[in-house]
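*Asks:* Task: produce atomic coordinates for the following.
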Amino acid sequence: MGVWRKWVFPILRLVIFSVIAIALVKVAFFPDLSTSVNASQPTGIVSDPVTQVAVGSIVTAVVIDAAVEADPAVDGRATLAGEIYEITAVAGQAVTAGDTLAKIRQEVVQEPVTRTDAAGNVTITQPRPTMKTALVKAPITGTVSTVSSLVGQVVAVGDSVAKVAPTTFSVSGPIKPEDQYRLVEQPNEAQVEALGGPGTFSCSALTISRPLAGAEASAPDGTAPATGAVVRCAVPADVRVFAGLTAKLTIAGGSADNILTLPVTAVKGNSTAGTVWVLAADGAPEERAVTLGLNDGALVQIVDGVAEGDDVLQFVPVDDSTDPAGGDGCIEQPDGTVFCNDEGYVG
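*Replies:* Numbers count the residues shown, from 1 in each chain. Okay, here's the model as predicted:
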């Protein structure tokens with residue numbers, strides 16, 4: 001047993017350690033060249049995501065941030081140039097359309113009268129002037145908000161004598177130009193969700209007003225410039241609201257079933273025409289023109305140009321003007337060199 005401990009075991013340990021050392025030297029200094037990999041060459045395959053033309057449904061609706069506001073007061077204007085001799089309205093008074101707000105009179109000078117007697121003497125007589133009167137009437141039913149004139153004041157035709165504020169309210173908010181394309185037809189009503197108010201209700205008489213070219217537009221509250229059109233609709237008389245109440249205004253844009261659809265990311269174009277990249281039989285993308293329809297922000301209707309099941313690039317290809325490889329499939333390396341699959345390295 002002493003021989004094993006003294007000679008055999010130490011020799012076995014030396015042999016094992018020698019084998020390990022030789023293996024480490026082989027791995028470190030003499031790698032297998034047949035299995036070496038050039039780290040500068042890309043080994044992965046990059047492929048563009050693909051989607052398919054599918055049959056589906058699209059329901060479009062435009063939701064905008066809006067607010068409840070009192071309808072603007074309407075001026076009661078003078079229809080006669082003259083002097084106000086009586087004001088019958090006071091601020092805060094409830095009036096009905098056609099009620100008298102003020103009275104105006106105008107002195108009308110008469111033409112002189114010429115008389116000739118038997119002796120040929122001519123006498124010119126100036127008749128007394130007459131008075132012409134007119135009434136300033138309430139243009140709408142509501143409450144007199146301001147009386148801007150005084151008794152004895154001289155006014156011209158069209159001058160505002162008083163203002164009448166209606167008891168009605170409207171919901172209004174800005175709509176983005178791109179959202180207007182999603183409205184296939186001009187709607188007449190919308191759904192309003194008044195936050196913290198009376199809940200959801202329908203508003204009618206919907207209008208979309210657009211600023212004239214060159215005109216300086218302002219937002220509904222007059223505090224900031226508007227960049228687009230403004231949607232406005234009337235709050236029903238039986239719905240109790242207050243000015244300043246925030247709301248969400250939902251406008252139905254249209255709907256269609258059993259139509260060809262693609263993600264909006266796969267289509268390049270405008271509201272009616274666009275381009276998609278369909279994969280050909282050899283797998284290469286082929287640019288193809290399509291006609292577009294409804295758009296719900298995620299899917300877009302394809303009217304023609306492709307068929308159901310066609311493979312289409314999910315994202316529109318983007319040309320990189322800074323790519324030195326010229327977009328021919330070559331890949332730029334971190335050190336500035338360009339690697340091409342068929343032509344090796346390009347400096």
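
*Asks:* The nearest residue to Val306 once chain neighbours are set aside - how many residues pack around it?
*Replies:* Nearest residue to Val306, sequence neighbours excluded (Cβ to Cβ, 6 or more residues apart in numbering): Val53, at 4.9 Å. Where C-beta positions appear, they are placed from N, C-alpha and C, glycine not excepted. Residues near Val53, counting by other Cβ atoms under 10 Å, number 21.

*Asks:* again, but for Arg105
*Replies:* Burial of Arg105 is recorded as 15 neighbouring residues (other Cβ under 10 Å).

*Asks:* Doesn't it lie inside a strand?
*Replies:* Yes - assessed with DSSP: H, G, I helix; E, B strand; the rest coil, Arg105 lies in a strand.

*Asks:* next structured bit after the strand or helix carrying Lys163?
*Replies:* Assigned by DSSP states H and E, Lys163 falls within strand 160-165. Going down the chain from strand 160-165, the next helix or strand is strand 169-175, by DSSP H and E.

*Asks:* got the contact list for the strand holding Lys163?
*Replies:* Under the criterion Cβ atoms under 8 Å, 6 or more residues apart in numbering, residues 70-78, 84, 87, 89, 95, 101-102, 136, 138-149, 155 lie in contact with strand 160-165.

*Asks:* among these, which ones are buried?
*Replies:* 70-71, 73-78, 84, 87, 89, 95, 101-102, 136, 138-140, 142-147, 149, 155 (16 or more other Cβ atoms under 10 Å).

*Asks:* quick one, what contacts the nearest residue to Val50 once chain neighbours are set aside?
*Replies:* Excluding its sequence neighbours, the residue lying closest to Val50 (Cβ to Cβ, 6+ apart) is Asp311, at 5.1 Å. For Asp311, the contact set (Cβ under 8 Å, 6+ apart) comprises Val50, Thr51, Gln52, Val278, Leu279.

*Asks:* Highest neighbour count among the residues you listed?
*Replies:* Counting neighbours by other Cβ under 10 Å, Val278 leads the contacts of Asp311 with 19 neighbours.

*Asks:* Any figure for the gap between that one and Lys268?
*Replies:* Counting by Cβ to Cβ, to the nearest Å, the gap from Val278 to Lys268 is 13 Å.

*Asks:* same deal with Gln153?
*Replies:* In this view, Gln153 and Lys268 are 65 Å apart by Cβ to Cβ.

*Asks:* still on that earlier bit, report the beta-bridge partners for the residue nearest to Val50.
*Replies:* Gln52 (DSSP bridges).

*Asks:* and if you look at Ile208?
*Replies:* Beta-bridge partners for Ile208, by DSSP bridges, are Val231.

*Asks:* and it, how many residues sit next to it?
*Replies:* Ile208 has 16 nearby residues by other Cβ under 10 Å.

*Asks:* Done for today, thanks.
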